[in-house]
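Asks: Here is my input; please provide its structure:
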Amino acid sequence: MNALGWVGNARVVGALCAAPILFSCTFASAEEVAAPATEVAPVAVAAPAAEAPVSPWSFNLTFATQYVTRGFSNSLGGPVVQGGVDYTHPSGFNAGFWMSTLDSEFVQGSWAETDYYAGYTKAFGDLNVGAQLYYYIYPKGKFVFDGSVNGQSYNYGEFVPTLNYKWFTAKYWYTYTKDYFGVNDATMFTTGRGHSRGSGYLDLNGTFPLGNGFALLTHYGHQKVENYERINWSDGKIGISKSFDNGWSTAVAATKVWTKTTNDIYGAGYKFDWSRYTVDNVNFANPISDTVTLSVTKAF
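Replies: As a prediction, this is how the structure comes out:
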């Protein structure tokens with residue numbers, strides 16, 4: 001969900017359960033019919049306890065070695081804390097909030113990404129179809145660079161139609177605000193290209209159960225930046241997740257990005273000083289370098 005994020009994040013849809021009504025009948029045997037009539041007190045049958053309704057609220061908390069979304073390390077290789085809250089109504093309406101810490105040099109001046117979203121999902125057997133509106137806010141985040149850009153914000157919004165069938169999920173993240181992650185003539189140091197409304201990210205994900213709580217995770221994504229095709233890139237991911245009791249899970253995943261230009265921050269011509277992240281000529285924090293991420297999540 002971040003501006004350059006892979007999300008992909010899946011949401012849990014709650015359902016209401018009604019406890020079945022049980023009936024108890026007593027029949028007399030032939031011997032009991034032949035025997036002298038005797039008054040027998042009825043035996044009380046305890047009714048089963050009603051199941052508690054499923055709460056429409058759910059929460060999640062994640063600790064990860066870094067924050068990689070849409071192939072980019074928004075934390076520049078550093079560890080992050082992430083968390084969110086979701087509300088899902090039985091009618092299919094859903095809304096939520098999610099956040100992650102990040103590096104203030106990736107989103108200049110900001111320490112976090114905060115996502116706000118709402119939408120609707122309808123189930124047709126194993127097929128789920130829906131759409132959501134997202135808006136991302138990066139507190140105090142502003143494009144600064146060398147001081148030639150003044151007051152440009154990273155904040156933006158996306159409209160996201162979604163299709164899910166069993167193990168497969170497809171999404172398309174369409175930018176409805178005037179800029180995608182602040183991309184415009186001012187921040188790209190260009191003229192005549194204007195803004196980047198209409199940008200889109202194709203997001204394809206597969207989750208294949210392997211048994212015993214394990215699952216294979218696969219992902220392919222492609223970002224198109226409207227009017228700034230030189231920034232376009234693709235990314236892929238493969239990983240393994242493991243689910244435990246009481247809402248705990250862990251995952252490890254490797255990601256890769258393909259861009260037209262790989263020696264700058266977005267493939268857009270921005271030269272960035274990576275020297276402070278380089279040891280013996282090995283770069284540990286380039287946001288578009290191949291990387292491996294480990295995460296632990298608690299859902300409740």
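Asks: what helix or strand is L216 on?
Replies: Counting by DSSP states H and E, the element that carries L216 is strand 214-224.
Asks: As a check, name the ranges of all helices in the chain.
Replies: Under the criterion DSSP state H, the chain contains helices at 30-34, 185-188.
Asks: Tell me how confident the model is about the first one, as a mean pLDDT.
Replies: When you say that, I think you mean helix 30-34. Taken as a whole, helix 30-34 has a mean pLDDT of 39.
Asks: and stretch 151-168, which residues are buried?
Replies: 152-160, 162, 164 (16 or more other CB atoms under 10 Å). In this view, the C-beta of every residue, glycine as well, is placed from N, C-alpha and C.
Asks: centre of the chain versus stretch 71-87, how much separation?
Replies: Distance, stretch centre to chain centre, for stretch 71-87: 10 Å (CA atoms, centre = their mean, to the nearest Å).
Asks: ok so, going back, in the strand holding L216, what counts as buried?
Replies: 215, 217-219, 221-224.
Asks: same deal with stretch 53-65?
Replies: Using 16+ other CB under 10 Å as the test for burial, stretch 53-65 gives 58, 60, 62, 64-65.
Asks: got it, and stretch 80-97?
Replies: Those would be 80, 82-84, 86, 88, 94-96, for stretch 80-97 by 16+ other CB under 10 Å.
Asks: Quick check: the residue nearest to W248 when sequence neighbours are not counted vs G247, distance?
Replies: Nearest residue to W248, sequence neighbours excluded (CB to CB, 6 or more residues apart in numbering): K298, at 5.7 Å. Plainly put, K298 is 6 Å away from G247 if you go by CB to CB, to the nearest Å.
Asks: can you check Y156 too?
Replies: To G247, Y156 is 32 Å away according to CB to CB.
Asks: Spit out the contact partners of Y174.
Replies: Neighbour list for Y174: 158-161, 198-200 [criterion: CB atoms under 8 Å, 6 or more residues apart in numbering].
Asks: Pipe those into JSON lines and attach pLDDT and distance to A112 per row.
Replies: Converted to JSON lines, these look like this (pLDDT from 0 to 100; distance: CB to CB, whole Å):
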{"residue": "E158", "pLDDT": "98", "distance to A112": "18"}
{"residue": "F159", "pLDDT": "98", "distance to A112": "23"}
{"residue": "V160", "pLDDT": "98", "distance to A112": "21"}
{"residue": "P161", "pLDDT": "98", "distance to A112": "27"}
{"residue": "G198", "pLDDT": "98", "distance to A112": "27"}
{"residue": "S199", "pLDDT": "97", "distance to A112": "22"}
{"residue": "G200", "pLDDT": "98", "distance to A112": "25"}
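Asks: Show me which of these is closest to T259.
Replies: Nearest to T259 among these: S199, at 15.2 Å, using CB to CB.
Asks: what about the closest one, how many neighbours?
Replies: 26 (other CB atoms under 10 Å).
Asks: likewise D179?
Replies: 23.
Asks: One more: D235?
Replies: Per other CB under 10 Å, the neighbour tally for D235 reads 24.
Asks: For N128, list each beta-bridge partner.
Replies: A123, N164 (DSSP bridges).
Asks: what residues are up against it?
Replies: By CB under 8 Å, 6+ apart, the residues touching N128 are 13, 121-122, 162-165.
Asks: hang on, the earlier thing: so which of the buried residues of stretch 151-168 belong to strands?
Replies: Judged by DSSP state E, the subset of the buried residues of stretch 151-168 located in strands is 152-153, 156-160, 162, 164.
Asks: Format the residues you listed as TSV; extra columns: distance to R70.
Replies: Shown next, in TSV, are those (distance: CB to CB, whole Å):
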residue	distance to R70
Q152	20
S153	19
Y156	13
G157	16
E158	12
F159	17
V160	13
T162	16
N164	19
